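Q: 3D model of this:
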Amino acid sequence: MDIVLEVFDTVFFDRFWAAVYPASSLAAYKENPQHASTPTFSSMREMPTSIQPATKFFQLEPSRYAYLSEWPRDNIYRQGASLFLITWIFGLVLYFICSTLSYYLVFDHDTFTHPKYLKNQVRKEIRQTMQSMPFMSLCTAPLFLLEVRGFGKLYDEPSDAPFALYNILQFPLFICFTDFFIYCIHRCLHHPLFYKRLHKKHHKWIMPTPFASHAFHPLDGFSQSIPYHVFPFLFPLQKFAYVALFVFINIWTVLIHDGEYVANSYVINGAACHTMHHLYFNYNYGQFTTIWDRLGGSYRQPNEELFSRESKMSKDEWERQTLEMEKLQKEVEGDDDRDYGDESRRLQKKVL
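A: Model (predicted):
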């Protein structure tokens, strides 16, 4: 994240922090310009600075604003606040771009007529995400801060890897590590002690749209992201690989909620597997693969009907889904407090 922070500092935060918390000499000049010496660009450039490029691959020339704040770039409070804003704002931008593209280009809008599709569901999914994102970002920023402050095992050049092949192996290692621990955390969140307090907010969406991808209770969303942030403290990870994986994770989270069932893979936990999880609650907890669900006895193979558009949208398939879902929902949650809307209830009665 130090690379991301340097880019944002150069483009935005140097000017922002210079305005919010100006250097004392600049503040004194603004307060009493007649008795304070005028700060100049040349004099500020002569000030000692600890600004170092975050990577050897490129260097962004700091503007004069980099020297005009009482909080220099390496100030821990400035870094923490900046990382919080980056995580929050960049997370929302990525969420809306990916979810919107998936919603209009991939997601089957006939899902709106499914008996278990909620009234105004997309609006509710977006609202839940908007409410949760700042709190998830607040929890995440301290972990990014530790990485930026050098406590992780992030490295810059490929030659800094433990061995040459590690530059390739880091990717499957990251996937395997995070997939296992997310499986464990996700399964724990289905324990009655946590489900109704935390995870139920995400299971509100029986037939999710791409906008449900980040619609969590903030502690639920953060807890499932912990393995991503713990990995670089335990294992070496190249800096650009870390940024790429961070973006990939967010895109993948959208993909498994898009309702497009490409293939019934034996290994990959795709949208079909995750649809089984939303419909039937206690199956398919994995994030990327089905391995841990198979070993843990929680795997449920997606219905073959899901892989044909005609059959996945048929009334017979919806009837089977609804009958089993309602039975399991009663066992897991008790009374169903979801609002399916009058039209959806009419369609549900027609199907049943």
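Q: Just give the closest residue to residue 3, not the sequence neighbours.
A: residue 54 (4.6 Å; Cβ to Cβ, 6 or more residues apart in numbering). (Each C-beta comes from the backbone N, C-alpha and C, glycine too.)
Q: The one you found: what secondary structure?
A: State at residue 54, reduced to three classes by DSSP: H, G, I helix; E, B strand; the rest coil: coil.
Q: Next one: it from residue 87, what distance?
A: 17 Å (Cβ to Cβ, to the nearest Å).
Q: For burial, what's the neighbour tally of residue 89?
A: 15 (other Cβ atoms under 10 Å).
Q: same check, this time on residue 189
A: Count around residue 189 with other Cβ under 10 Å applied: 23.
Q: residues contacting the spatially most central residue of the chain?
A: By Cα atoms, centre = their mean, the chain has its centre lying nearest to residue 250, at 4.7 Å. Residues in contact with residue 250, defined by Cβ atoms under 8 Å, 6 or more residues apart in numbering, are 91, 94-95, 98, 214.
Q: Could you say which helix or strand holds residue 172?
A: helix 166-189 (DSSP states H and E).
Q: Which residue lies closest in space to residue 304, excluding its sequence neighbours?
A: Computed as Cβ to Cβ, 6+ apart, the closest residue to residue 304 that is not its neighbour in sequence is residue 264, at 7.2 Å.
Q: where does that neighbour fall, helix, sheet strand or coil?
A: Here residue 264 takes the coil state, with states given by three-state DSSP.
Q: in this structure, what secondary structure element scores lowest on mean pLDDT?
A: helix 41-45 (a mean of 45; mean pLDDT, DSSP states H and E).
Q: Stretch 286-298: how far from the chain's middle?
A: 21 Å (Cα atoms, centre = their mean, to the nearest Å).
Q: Please save the CA atoms from that stretch in PDB.
A: C-alpha atoms of stretch 286-298 as PDB (Å, rounded to 0.1, in the frame of the first residue of the first chain):
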ATOM      1  CA  GLY A 286     -15.300 -21.300   0.500                       C
ATOM      2  CA  GLN A 287     -14.200 -18.200  -1.300                       C
ATOM      3  CA  PHE A 288     -12.100 -19.400  -4.300                       C
ATOM      4  CA  THR A 289     -12.300 -23.200  -4.300                       C
ATOM      5  CA  THR A 290     -14.500 -26.100  -3.200                       C
ATOM      6  CA  ILE A 291     -11.600 -28.000  -1.500                       C
ATOM      7  CA  TRP A 292     -12.300 -27.100   2.100                       C
ATOM      8  CA  ASP A 293     -16.000 -27.500   1.700                       C
ATOM      9  CA  ARG A 294     -15.400 -31.000   0.400                       C
ATOM     10  CA  LEU A 295     -13.000 -31.800   3.200                       C
ATOM     11  CA  GLY A 296     -15.300 -30.200   5.800                       C
ATOM     12  CA  GLY A 297     -18.500 -32.000   4.600                       C
ATOM     13  CA  SER A 298     -20.200 -28.700   3.700                       C
END
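Q: ok, and for that stretch, which residues are buried?
A: Neighbour-count burial for stretch 286-298 flags 286-293, 298 (criterion: 16 or more other Cβ atoms under 10 Å).
Q: Closest one of those to residue 174?
A: residue 288 (9.9 Å; Cβ to Cβ).
Q: those strands in the stretch 51-200 of the chain, which residues are they?
A: With strands called from DSSP state E, counting those that start in this stretch, the stretch 51-200 of the chain shows them at 154-155.
Q: One more: the stretch 201-350 of the chain?
A: Using DSSP E, counting those that start in this stretch, strands in the stretch 201-350 of the chain cover 237-238.
Q: related to what we said a few turns ago, so which of residue 54 and residue 87 has more stuff around it?
A: residue 87 (23 against 20).
Q: surely the more buried one meets residue 141?
A: Yes - using Cβ atoms under 8 Å, residue 87 is in contact with residue 141, at 5.6 Å.
Q: Can you check the pLDDT for residue 351?
A: Looking at residue 351, its pLDDT stands at 41.
Q: show me what contacts residue 4?
A: Counted by Cβ under 8 Å, 6+ apart, residue 4 has contacts 86, 90, 243.
Q: most surrounded residue in the contacts of residue 250?
A: Result: residue 214 is most packed of these (other Cβ under 10 Å), 27 neighbours.
Q: right, and that residue touches residue 133 too?
A: Yes - the pair residue 214 / residue 133 is scored as a contact, 6.9 Å apart, by Cβ under 8 Å.
Q: which among the contacts of residue 250 gets closest to residue 183?
A: Taking Cβ to Cβ as the measure, residue 214 is the one of the contacts of residue 250 closest to residue 183, at 19.2 Å.
Q: Please report how far that closest one lies from residue 258.
A: 13 Å.
Q: do the same with residue 105
A: The gap separating residue 105 from residue 258 is 9 Å, by Cβ to Cβ.
Q: Compare the two (neighbour count), which wins?
A: When neighbours are counted by other Cβ under 10 Å, residue 105 and residue 258 differ, and residue 258 comes out ahead with 26 against 10.
Q: what's the distance between that one and residue 7?
A: 29 Å.
Q: repeat for residue 130
A: With Cβ to Cβ as the criterion, residue 130 and residue 7 are 25 Å apart.
Q: returning to what we had before: surely the residue nearest to residue 304 is in contact with residue 308?
A: No - between residue 264 and residue 308 there is no contact under Cβ under 8 Å: 11.0 Å.
Q: Enumerate every residue touching the closest residue to residue 135 other than its chain neighbours.
A: Using Cβ to Cβ, 6+ apart and skipping the chain neighbours, the partner closest in space to residue 135 is residue 218 (3.6 Å). Counting by Cβ under 8 Å, 6+ apart, residue 218 touches 131-133, 135-136, 139.
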